[in-house]
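Novice: What would the 3D arrangement of this be:
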Amino acid sequence: MRVGRYCYVACAASLALLYFVQRKFCPGIGTSIWSGYQNSFPPVDFSFSEEPDLKQVEKKTSRTGRLDTTLKNDVIRRCRNDQRQQSSISGLEGLQKRILYKHLLVSDRFKFIYCYVPKVACSNWKKTYLLMHGSIKSISEVPHLDHKQGFKRLSDYSEDEIQLRLNTYFKFAFVRHPLERALSAYRNKFAEIESFYSKVGKNIVEKYHPGNVTEKYHGKIPGDDVSYEDFLRYVSDYKNPLYLDEHFMPTHLLCQPCAIKYDFIGTYENINDQSETILRKVGVQDDVHFPVQQGWYKPTSSNYVHYYHSLLQAKVVDNFYRSYRDDFELFGFGQLNVTYKQ
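Specialist: I've put the predicted structure just below:
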């Protein structure tokens, strides 16, 4: 800022000297040239105050954007109209409260509470959390995140401390279309993590194909050949979704959006921009940013979503919708634009 002002002063002094020489020695020449210069330069500010340029501050602020609270307001309205939902934490049962508190990450330094939802970029948010608190020096240090270490959860506080933070901290969450989230969990858990599909996958196969001798196993480990359709049947038929794995548990059970008055609810589709805005809003240092997707990562794109769901029978999707009805309705998700098998 100061260097720029010195440059302005130097330019103005040079032009003043040029004008003096022209008027002194060549009064009839260059009048039009000088007029052009004079009109092209703004008035020079000779004050050297260290006060910030307010226009520049406004430009920087506008680049971060404002958080769109439309979804949050819609959720509040839907909660009021749904008598089945608990309107306060005090109305939650013990298990419901334990699940909620486990998924609420707290930053006392930046005064926010973040409800993490698996398969909604929560690993990136957790890495950002570690970075902003100085637990790591860069995101690249954490190729494999330990999801249990380095985080403060709401369950770590006393009841009085919990209420204080819920009443005063900035609370936010991100949501994703239930079927897209389910597909992302399926592709991750049943294609990449052997310890998972060797246990859960095996149970799914035994439940939906018991003693079917006509189906021969062709994989390496029993359970790694679970179809997406069988997976959706499994999570839809689960008697008590509170006992589902967190990667499949309905979002409303993880974050309880009717019991917690969130200040912002964002979407997976806009999570990069919205996360950057949140980071600046809560005062996180400017060199901390939400991670850019790595080149090697293969996300569950719209092409994957369309392909996998076009293979499903409509009744399987209908059953899933009934089981995840609250996620669809509270967050305003509609049907996918896919033609299912009849």
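
Novice: so where do the strands sit in the stretch 1-150 of the chain?
Specialist: 104-107, 112-115 (DSSP state E, counting those that start in this stretch).

Novice: how about low-confidence regions in this protein?
Specialist: Applying pLDDT under 70 to the chain flags residues 1-64, 211-220, 293-301.

Novice: can you list the strands of the stretch 1-150 of the chain in JSON lines and add mean neighbour count and distance to Arg66?
Specialist: (C-beta placed from N, C-alpha, C; glycine too.) Formatted as JSON lines, the strands of the stretch 1-150 of the chain follow (neighbours: other CB atoms under 10 Å; distance: least, CB to CB, whole Å):
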{"stretch": "strand 104-107", "mean neighbour count": "22", "distance to Arg66": "21"}
{"stretch": "strand 112-115", "mean neighbour count": "24", "distance to Arg66": "17"}
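
Novice: could you dump these to JSON lines with distance to Val282?
Specialist: Listed next are those as JSON lines, based on distance: least, CB to CB, whole Å:
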{"stretch": "strand 104-107", "distance to Val282": "8"}
{"stretch": "strand 112-115", "distance to Val282": "5"}
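
Novice: and of those strands, who's closest to Ile76?
Specialist: Nearest of those to Ile76, taken as CB to CB: strand 112-115 at 15.4 Å.

Novice: partners of that closest one, with directions?
Specialist: Strand pairing for strand 112-115, determined by DSSP bridges: strand 104-107 (antiparallel), strand 170-175 (parallel).

Novice: now it, how far from the centre of its chain.
Specialist: 11 Å (CA atoms, centre = their mean, to the nearest Å).

Novice: List the contacts of the helix or strand that contains Ile271.
Specialist: Using DSSP states H and E, Ile271 sits within helix 271-281. If you take CB atoms under 8 Å, 6 or more residues apart in numbering as the criterion, helix 271-281 is touched by 64-67, 112, 120-121, 124-125, 128, 132, 170, 172, 174, 264, 266-267, 286, 288-290, 292.

Novice: swap in stretch 96-109?
Specialist: By CB under 8 Å, 6+ apart, the list of residues contacting stretch 96-109 reads 86, 89, 92, 112-117, 126, 129, 132-133, 151-157, 162, 165, 169, 242, 246, 249, 253-256, 259-260, 282.

Novice: What about Gly134, how many residues nearby?
Specialist: Neighbour count for Gly134, taken as other CB atoms under 10 Å: 9.

Novice: where do the strands sit along the stretch 201-342 of the chain?
Specialist: 264-267.

Novice: So which residues of it form helices?
Specialist: 202-208, 228-237, 251-255, 271-281, 302-310, 314-323, 325-330 (DSSP state H, counting those that start in this stretch).

Novice: In contact with Asp146: list those residues for me.
Specialist: Contacts of Asp146 (CB under 8 Å, 6+ apart): none.

Novice: ok, it to Val288 distance?
Specialist: Distance of Asp146 to Val288, given as CB to CB, to the nearest Å: 20 Å.

Novice: I'd like to know how many residues surround Glu276.
Specialist: Residues near Glu276, counting by other CB under 10 Å, number 17.

Novice: Kindly report the same for Gln149.
Specialist: 8.

Novice: Can you tell me how far the most centrally placed residue in the chain is from Pro250?
Specialist: Closest residue to the average C-alpha location of the chain: Ile271 at 3.8 Å, with CA atoms, centre = their mean. Using CB to CB, Ile271 is found at 19 Å from Pro250.
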